[in-house]
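Peer 1: sharing a model prediction with you, sequence too.
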Amino acid sequence: MKAEVFHLVDVLQTQEAAMLQVEVACRDECVLDREQVLNVIRRAFGRESTANYVKRLDEEGRIFKSIVAIENDRVIGHIVYTLLPVEVDGKPVRAIGLSCLSVDPEKQSLGVGSRLIKHSLPLVAQAGMAAVIVLGHPRYYPRFGFSAEIAQKLKAPFSGKPSFMALELVPNALQGSSGSVEYAPVYLEE
């Protein structure tokens, strides 16, 4: 893993430590967490379709990493990364998608989502991923290093939108004249 990612995470943890107002532990999701995870997703997004989306990602074997935030033995947040084929200048890039970040509405704005992202980025980098792609809030994700500018050369159904962003875990991993992100149908249905 590159030192830049660790440095970014350290800076973010220092800046936001005072914001976190709950005792939260982050760990890999286990089978026993599944129903709590789906309930958090339902509550966070206010609809069943997002929970069904995450279930389908799992059923189709697309989940790369799934992490929960726990407070008092209760799941209060969840982040899932999925396998996502990416090419730049005709060459494959080891990339994943940050496919869903959810925090129980009672725990939102307390730093739980930030904690999940900061906990998980070094893990996916250590697993050999070079880049992360997200379709997310354009004012939230840039604080973690995600950039619409980095993603602008990637052809995808979401290209050109400020919510379509990328983060290079390996410097210049997405540099080139053109690239593409191949989204499976399940991604486009949500």
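Peer 2: Everything's here; your move.

Peer 1: and stretch 138-147, what's buried?
Peer 2: Residues of stretch 138-147 classed as buried: Tyr140, Tyr141, Pro142, Phe144, Gly145, Phe146 (neighbour count, 16 or more other C-beta atoms under 10 Å). (C-beta placed from N, C-alpha, C; glycine too.)

Peer 1: how close does the last one sit to Gly111?
Peer 2: In this case it means Phe146. To Gly111, Phe146 is 17 Å away according to C-beta to C-beta, to the nearest Å.

Peer 1: can you tell me the average pLDDT over stretch 43-57?
Peer 2: Model confidence over stretch 43-57, given as mean pLDDT, is 94.

Peer 1: who touches that stretch?
Peer 2: 37-38, 41-42, 63, 80, 82, 99-100, 102-105, 108, 186, 189-190 (C-beta atoms under 8 Å, 6 or more residues apart in numbering).

Peer 1: so which of these belong to strands?
Peer 2: Counting by DSSP state E, the part of the contacts of stretch 43-57 found in strands is Ile63, Val80, Thr82, Ser99, Cys100, Ser102, Val103.

Peer 1: can you redo the residues you listed as CSV with neighbour count, distance to Val54 and pLDDT?
Peer 2: Rendered in CSV, the data for these read as follows (neighbours: other C-beta atoms under 10 Å; distance: C-beta to C-beta, whole Å; pLDDT from 0 to 100):
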residue, neighbour count, distance to Val54, pLDDT
Ile63, 17, 8, 95
Val80, 27, 6, 97
Thr82, 23, 9, 95
Ser99, 25, 8, 94
Cys100, 23, 6, 94
Ser102, 28, 9, 97
Val103, 24, 14, 97
